[in-house]
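Colleague: 3D, please:
(chains A and B)
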Amino acid sequence: MTNAPDKIEKHRFEPAPKDHFDNEKIEKPQLSFAKDAWLRVRKNKAALVSAVVLFLVIVMAIIGPHITKFDPYAQDVTKGNLPPRVPLLEDIGIFDGSQKIGGVETNKYEDLGLEEYYWFGTDSLGRDLFSRVWLGTRVSLYIALLAAVIDMAVGVAYGLISGFKGGRVDNVMQRILEVISGIPNLIVVILMLLIMKPGILSITIAMVITGWVGMARVVRGQVLKLRDQEYVLASRTLGAKSDRLLIKHLLPNLSGVIIINTMFTIPSAIFFEAFLSFIGIGLQAPRASLGTLIEDGYKTFQFLPHLMVIPCIVICIILIASNLIGDGLRDAFDPKMRD
Amino acid sequence: MAKYLIKRVIYLVITLFIITSLTFFLMKFLPGSPFQNEEKLSEEQRVILDEKYGLDEPIPVQYAKYMVNIVKGDLGVSFQFDNQPVTDLLIKRMGPSLQLGFQAMFIGTLIGILLGVLAAMFQNTWIDYGSTFLAVLGKSIPSFVFAALLQYVIGVKLELLPVAAWDGFASSIMPTIALAIFPVATAARFMRTELIEVFGSDYITLAKAKGNSRMEVSFKHAIRNGLIPLVTVLGPMAVGLMTGSMVVEQIFSIPGIGEQFVKSIQTNDFPIIMGTTIFFAFLLTVIILIVDILYGIIDPRIRLQGGDKS
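Modeller: Next up is the predicted model:
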């Protein structure tokens, strides 16, 4: 035992504090709701990657049409149906602007003596697909965001009132909800679009008419659960009015379900817009949305697959990313998943 | 149970009534009439046509007549398809749609269950990640995008299957696959969550403690219980299939109801739009009602009257 134990420091023998005031002290920094959720979202790599991807897509939707020098609406039939051509990549033999027409390898750029680089090629009217794709993405995202926000506002208001008022009001509101939710939303959307002039706003309105039902249901369910809790009772005892209870106490506790639901509305709105454009009652030319681009491309996809495949890829990326983010958020906010 | 049934049927009737009325009045407000597309039509001819189809009567009268006829199962006469009754057209075109729908639902659900079971049994392994990824793909990618890409790769490039036709089983393979990705994704996601919960329950621990192998526990105890709630997703699945069928049928030129519906939208054929809408609505509401009742019968724990008290 050459290594004698170190001398025990003196302060260790000091008596423990007798008062218990410190017992109540919270050692860790308090976690706000958002921070708590963020800590758990952070562990979900798929959701994080998706968030980055979606962010990049949004950035491209904003700046994309301005990166190239081509105007998304400018038509030039002489430069129609060009395949993609990208600088640098053409040196290694892909995207060099060559295509097979009737089994013969041709390069339209060389034939026509074009110097330009259309990164995604051009459509039949000679419009630059690159700027049109990002313009279409912008429109699709805009419709989705608008629909999601309106759905959220209407659904939350309806659910809050229905759940909070209870009694006969709730009863009547629930019956209305049941009838509306019985109507398949696809049918309502199609009917509405038949009578309204197709446009960004009419598509949004058509989707919102039945879209808010899901949100209203979830919010009502949560309100029913929350309104009988002690903290609400306490606040009420202290003289809080209904509006204060709703806004100050219930709404923050509902934010989880509201965010999750909104996040899932976005992909379904994008899907519906594309779907409607595809069957020919969505946006009309020359406006571009991802749906109209896919529909346009589909007409000639046997010969010019890039016109269809590129917008397809973009819409798939957006839908997959937003679904993954929605899943991640749901796992993060769901109290059952807490570890 | 009887009370619940009656309540649900009353709702169904109200819903259908609203849809029918809505469809009727919306169609009346539509800009453009079905005969505007016919260019060389004099004013007199148009009046005669309007008279023939009862379009000259006041709207309330038309409405009452329409409602009475619907109850009798008569959905009117098509403007474009050679004056054929809409009901006949629908029945004639139901075959391919039903065949595709059932094929997609059956195969899709089966594959989905398999993927979900595998994912839950091998949770947090590459099998789980793979099947979850597939499920996300299936849920995210719109069926028409998938159908179009499928058609391009398998039909046009590889020339393995007919591009767009409707004769024999081979031509139904691609549309079935395109439609099936949604049921696959739905069933797989649902089975996985359900089974993970079941695997964590006490009776599974007991079954394991008795010395049963993992396979035995999974197949004899867990999966049986996990399958029951799967009935609930059949409703949304049916909705998804119907949405998908419209575009998928159009893409693969299948003579089904969906294809006809899209065509009638493009040609302003009111009676077909109305008839198909009502038919779709009827089918969906009835399917959802059956699913709910079925669920109540299978799982007595479900409080039928309670609704969603989550």
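Colleague: Mind jotting down where the strands sit in chain B?
Modeller: Ranges of strands within chain B: none, based on DSSP state E.
Colleague: any weak-confidence spans in the stretch 1-150 of chain B?
Modeller: Low-confidence segments of the stretch 1-150 of chain B, defined by pLDDT under 70, are located at B:1, B:30-41, B:46, B:50, B:52-56, B:79-82.
Colleague: Let me know whether stretch B:124-139 sits next to chain A.
Modeller: Yes - legend: contact between stretch B:124-139 and chain A by CB under 8 Å from any CB of the partner chain is shown at B:Val136, B:Leu137, B:Lys139. (Glycine included, C-beta is placed from N, CA and C.)
Colleague: can you list those residues in JSON lines and add neighbour count?
Modeller: Converted to JSON lines, those look like this (neighbours: other CB atoms under 10 Å in any protein chain shown):
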{"residue": "B:Val136", "neighbour count": "21"}
{"residue": "B:Leu137", "neighbour count": "17"}
{"residue": "B:Lys139", "neighbour count": "20"}
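Colleague: Excluding sequence neighbours, find me the nearest residue to A:Ile200.
Modeller: Residue nearest to A:Ile200 in three dimensions, not counting chain neighbours: A:Ile143, with 5.8 Å by CB to CB, 6 or more residues apart in numbering or on different chains.
Colleague: typo on my end, it should be B:Gln84
Modeller: B:Ser78 (5.3 Å).
Colleague: rewinding a little: how many other residues sit next to the residue nearest to A:Ile200?
Modeller: Neighbour count of A:Ile143, defined by other CB atoms under 10 Å in any protein chain shown: 26.
Colleague: same question, B:Asn225
Modeller: Neighbours around B:Asn225, by other CB under 10 Å: 16.
Colleague: where's the residue nearest to it when sequence neighbours are not counted relative to B:Ser218, distance?
Modeller: Excluding the flanking residues, the one nearest B:Asn225 by CB to CB, 6+ apart is B:Val198, at 5.4 Å. Distance, B:Val198 to B:Ser218, using CB to CB, to the nearest Å: 10 Å.
Colleague: got it, and B:Phe133?
Modeller: Distance, B:Phe133 to B:Ser218, by CB to CB: 22 Å.
Colleague: Which residue of those two possesses the greater neighbour count?
Modeller: In this view B:Phe133 and B:Ser218 are compared by other CB under 10 Å, and B:Ser218 has more residues nearby, 21 against 14.
Colleague: Quick one: residues contacting the residue of the stretch 101-250 of chain B found nearest chain A.
Modeller: Closest residue of the stretch 101-250 of chain B to chain A, CB to the nearest CB: B:Ser140 (4.0 Å). Listed by CB atoms under 8 Å, 6 or more residues apart in numbering or on different chains, the contact set of B:Ser140 reads A:Pro267, A:Cys316, A:Leu319, A:Ile320, A:Asn323.
Colleague: how many neighbours does the residue nearest to B:Asn225 have?
Modeller: 19.
Colleague: hang on, it packs against B:Ala222?
Modeller: Yes - judged on CB atoms under 8 Å, B:Val198 makes contact with B:Ala222 at a distance of 4.8 Å.
Colleague: which neighbours do those two share?
Modeller: Joint contacts of B:Val198 and B:Ala222 (CB under 8 Å, 6+ apart) are B:Ile204.
Colleague: List the contacts of A:Leu319.
Modeller: Neighbouring residues of A:Leu319 by CB under 8 Å, 6+ apart: A:Pro267, A:Ile270, A:Phe271, B:Ser140, B:Ile141, B:Pro142.
Colleague: could you redo the last one with a cut-off of 10 Å?
Modeller: Contacts for A:Leu319 (CB atoms under 10 Å, 6 or more residues apart in numbering or on different chains) come out as A:266-268, A:270-271, A:274, A:290, B:136-137, B:139-142, B:145.
Colleague: Next one: the closest residue to chain A within the stretch 1-150 of chain B from B:Arg8, what distance?
Modeller: Nearest to chain A in the stretch 1-150 of chain B, going by CB to the nearest CB, is B:Thr15, at a distance of 3.6 Å. Look at B:Thr15 and B:Arg8: by CB to CB, they are 10 Å apart.
Colleague: Could you tell me which residues touch both of these two?
Modeller: A:Glu178, B:Thr285, B:Leu289.
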